[in-house]
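Asks: quick one, fold the following:
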Amino acid sequence: MNWADLVVSPCGTHHLWSNAPAYSERFDEVLKFHSPGLAPVRCAGLAWHIQPDGRPAYVRRFKRTFGFYEGLAAVVADEMAFHITPAGETAYSERYDWCGNFQEGHCPVRTSDGIYLHITQDGRPAYTERWRYVGDFRDGVAVVQSDDGLSTHINMHGVKLHDAWFEDLDVFHKGFARAKDSRGWMHINTNGRPIYERRFASVEPFYNGQSRVETLCSGLEIIDELGFTVAVLREPSRSEFAALSGDMVGFWRTQTIASAVELGVFDVLPATTTAIAQQLQMHSDRLVRLLRALSELNLIQEVSGAWRATERGSYLRRDHPLSLSHAALEFGHHFRVMWMQLPTALRREGEWSPPDIFGMLASDPKRGALHHQMLRSYARHDYSCVPAALSLFGTERVIDAGGGLGELADVLLKRYPALHLTVLDRPEVIEQASTTHPRREQITWLSGDFFGDWGTSADVVMMARILHDWDDADALRILVRARDSLPRGGRLQIVEMVLPDGDPSGALCDLHLLMVTGGRERTLAQYADLLTRSGFNLKEAKRLNALSSVLIGEAT
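Replies: Model prediction:
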């Protein structure tokens, strides 16, 4: 009887050979046989490996056992994972929170603090880097994921194969790997570059030069290695004409949301249609049409005759700690008017100049208060991951330039309670903060002008989403002031979106800044140039997520 001929029985309690039980024993669970001819089994809460005749391969018992790969099997004992030999002996002294299987002499493991790496068969790390996740090696290459959620390829020494990062990624198959960026799925070559321009909802690996793909409009096609359609397997459910039409009526959504917020619909939920109409003094028939539109947008739903906000819609309540109600009004009213000037702004002969939005906010205290409440919600949502990326000692004097209502300062103090923070911002913003932010002895509030003398010094200057509000000339002036406030060797910490090279991600945000502030999003090279010209060296860039990176500069 050859172990390779044994299969798991339909009931999963034993193995079969020639459709007959291979042995008399029965277990709670059995798995397939693997070389050198052993199979994992479980019974009465214990786990071990058996031989083809059903007898135990060794005396030891574990909580879980898995198949042998390259001579070692992963097991779990005392809530920790490690590998054993076919004789049941421990292969190495290290213990892990989870272990995978060995492939090409390397195995993925997770440590007790939640980080992933590959180990060799002696249980030691294969390289020094640590990752959010790692996959198996195939042909000497593995996929690894960094803390910002993006993935790339490494070799067995932990060295990156290329400088490209993707939202999702697969190992190489016949020279190409499946990869996903902000636009969709594609195939890339070993240099990390797309082999065609198109993007898809999903792609399969190439099989003899062709791949089955699903288009972004739910069609199915066969494509070649140039991305050209070889055969259509299913017509798309939506045409590009319809897709474009849908994009063009995006303002329907914006205005529906802004109107519902302005009328206070989300603030009175849950309620029946009649109750909403009475409380908000609205036409019943027209209100129903609005409520149905909000339901189509997955912002509300009707349950037992009453309308309730969905999880998404709850962010539009004014009392939500991460309320986007202020953002809805800004986008639906003020920003919409600014965007109408885009053709004029782009024409050479146009007389357009960027609006002075900060002056507008200062002259309209009510709108200014709502605008900064909007920024506070975004800060609360986005800044929680920032402190860990800063590598502060924890006792520095920090200037939070453009610190608004103090959300970033609060997040920094939560991780570094011994910091001393000076929040620098316009007088009207500091005045608003004085009435909304609780007093803390570690925070000093300073009214000032970015372009004038800041009148204070520090070890570190923080700028979170400040420079993108300004063109290069003004951004340079602000950076020079930051340099004046730091000693040589002092650090500048910038939180901004960094535009990727060769990818249009962030382009709409860039246009928005042009129309609203006259500012711009920038690439890493553009930020590095600004820092060099203002007296800094760019020392490090850490991507936090799709919208934020931390750039660390050192004062020269």
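Asks: which helix is the longest one in the protein?
Replies: The single longest helix within the chain, with elements called by DSSP state H, is helix 365-382.
Asks: neighbouring contacts of it?
Replies: Here helix 365-382 makes contact (Cβ atoms under 8 Å, 6 or more residues apart in numbering) with 321-324, 326-327, 329-330, 334, 360-362, 404-405, 407-408, 428-429, 432, 464, 545, 547-548. C-betas here are computed from N, CA, C, even on glycine.
Asks: ditto for stretch 8-17
Replies: With contacts defined as Cβ under 8 Å, 6+ apart, stretch 8-17 is touched by 1, 5-7, 21-23, 25-33, 39, 52, 54.
Asks: how far away from the center of its chain is that stretch?
Replies: 43 Å (Cα atoms, centre = their mean, to the nearest Å).
Asks: that stretch: which residues count as buried?
Replies: For stretch 8-17, burial by neighbour count (16 or more other Cβ atoms under 10 Å) applies to 8, 13-15.
Asks: JSON lines please, covering those residues and showing pLDDT.
Replies: Formatted as JSON lines, these follow (pLDDT from 0 to 100):
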{"residue": "V8", "pLDDT": "97"}
{"residue": "T13", "pLDDT": "97"}
{"residue": "H14", "pLDDT": "97"}
{"residue": "H15", "pLDDT": "97"}
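Asks: the contacts of stretch 8-17 in helices, which ones?
Replies: Those of those lying in helices (DSSP H): none at all.
Asks: out of those, which are buried?
Replies: 6, 22-23, 25, 27, 30-31, 33, 39, 52, 54.
Asks: how's the chain carved up into domains?
Replies: The chain breaks down by automatic domain parsing into domains covering 165-240, 249-320, 357-555.
Asks: from those domains, which stretch is densest packed?
Replies: Here the criterion is mean neighbour count by mean count of other Cβ atoms under 10 Å, and of the domains of the chain the winner is domain 357-555, at a mean of 18.
Asks: mean confidence score for that domain?
Replies: The pLDDT scores in domain 357-555 average 94.
Asks: how far does that domain sit from the chain's center?
Replies: On Cα atoms, centre = their mean, the centre of domain 357-555 falls 21 Å from that of its chain.
Asks: what's the closest of the buried residues of stretch 8-17 to F166?
Replies: V8 (36.6 Å; Cβ to Cβ).
Asks: relative to M1, how far out is that closest one?
Replies: 15 Å (Cβ to Cβ, to the nearest Å).
Asks: just T152 next, same as before
Replies: In terms of Cβ to Cβ, T152 sits 46 Å off from M1.
Asks: got it, and S202?
Replies: 43 Å.
Asks: residue contacts, D472?
Replies: So D472 contacts 520, 526, 530 (Cβ under 8 Å, 6+ apart).
Asks: and if we set it to 10 Å?
Replies: 519-520, 522, 526, 529-530, 533 (Cβ atoms under 10 Å, 6 or more residues apart in numbering).
Asks: do a quick rundown of the strands in the stretch 451-556 of the chain.
Replies: 460-464, 491-496, 498-499, 522-523, 536-543, 549-555 (DSSP state E, counting those that start in this stretch).
Asks: what helices or strands is the third one leaning on?
Replies: Under the contact definition 3 or more Cβ pairs under 10 Å, 6 or more residues apart in numbering; DSSP states H and E, strand 498-499 sits against helix 507-516, strand 522-523, helix 524-533, strand 549-555.
Asks: for the longest one, same thing?
Replies: With contacts defined as 3+ Cβ pairs under 10 Å, 6+ apart, the packing partners of strand 536-543 are helix 386-390, helix 472-484, strand 491-496, helix 524-533, strand 549-555.
Asks: quick check: angle from it to helix 524-533?
Replies: Orientation of strand 536-543 against helix 524-533 (axes from the mean of the first three to the mean of the last three Cα atoms, to 10 degrees) gives an angle of 150 degrees.
Asks: can you check the last one too?
Replies: Using the same axes, to 10 degrees, one finds that strand 549-555 and helix 524-533 are set 20 degrees apart in direction.
Asks: leaving out sequence neighbours, find the closest residue to E204.
Replies: R212 (4.7 Å; Cβ to Cβ, 6 or more residues apart in numbering).
Asks: ok, now K174?
Replies: K174 sits nearest to F206 (Cβ to Cβ, 6+ apart), 5.9 Å away.
Asks: and the strands of the stretch 451-556 of the chain as a markdown table, adding distance to D510?
Replies: Listed next are the strands of the stretch 451-556 of the chain as a markdown table, based on distance: least, Cβ to Cβ, whole Å:
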| stretch | distance to D510 |
| --- | --- |
| strand 460-464 | 18 |
| strand 491-496 | 12 |
| strand 498-499 | 7 |
| strand 522-523 | 9 |
| strand 536-543 | 17 |
| strand 549-555 | 15 |
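Asks: how about the ones you listed, which one is nearest N101?
Replies: Closest approach to N101 among the strands of the stretch 451-556 of the chain is made by strand 536-543 (30.5 Å; Cβ to Cβ).
Asks: just to be sure, T344 is in a helix?
Replies: Yes: counting by DSSP: H, G, I helix; E, B strand; the rest coil, T344 is located in a helix.
Asks: next, count neighbours for it.
Replies: 11 (other Cβ atoms under 10 Å).
Asks: so what's it up against?
Replies: 350-352.
Asks: most neighbours among these, which one is it?
Replies: W352 (14 neighbours).
Asks: how much space separates that residue from L511?
Replies: 14 Å.
Asks: L290: which element?
Replies: helix 284-296 (DSSP states H and E).
Asks: from the middle of its chain, how far away would that helix be?
Replies: Centre-to-centre, helix 284-296 and its host chain are 34 Å apart (Cα atoms, centre = their mean).
Asks: for it, which helices and strands make contact with it?
Replies: So helix 284-296, by 3+ Cβ pairs under 10 Å, 6+ apart, packs with helix 250-263, helix 273-280, strand 300-303, strand 306-309.
Asks: run the last query once more with 8 Å
Replies: helix 250-263, helix 273-280, strand 300-303 (3 or more Cβ pairs under 8 Å, 6 or more residues apart in numbering; DSSP states H and E).
Asks: next, the angle from the first one to helix 273-280.
Replies: Using the same axes, to 10 degrees, one finds that helix 250-263 and helix 273-280 are set 70 degrees apart in direction.
Asks: any idea of the mean pLDDT in helix 250-263?
Replies: Averaged across helix 250-263, the pLDDT comes to 97.
Asks: touching it from outside, list them.
Replies: So helix 250-263 is contacted by 266, 280, 282, 290, 293-294, 297, 299, 316, 325, 328-329, 331-333, 336 (Cβ under 8 Å, 6+ apart).
Asks: please repeat the previous calculation with a cut-off of 10 Å.
Replies: Counting by Cβ under 10 Å, 6+ apart, 246, 265-267, 276, 280-282, 287, 290-291, 293-294, 296-297, 299-300, 313, 316-318, 323-333, 335-336, 339 sit against helix 250-263.
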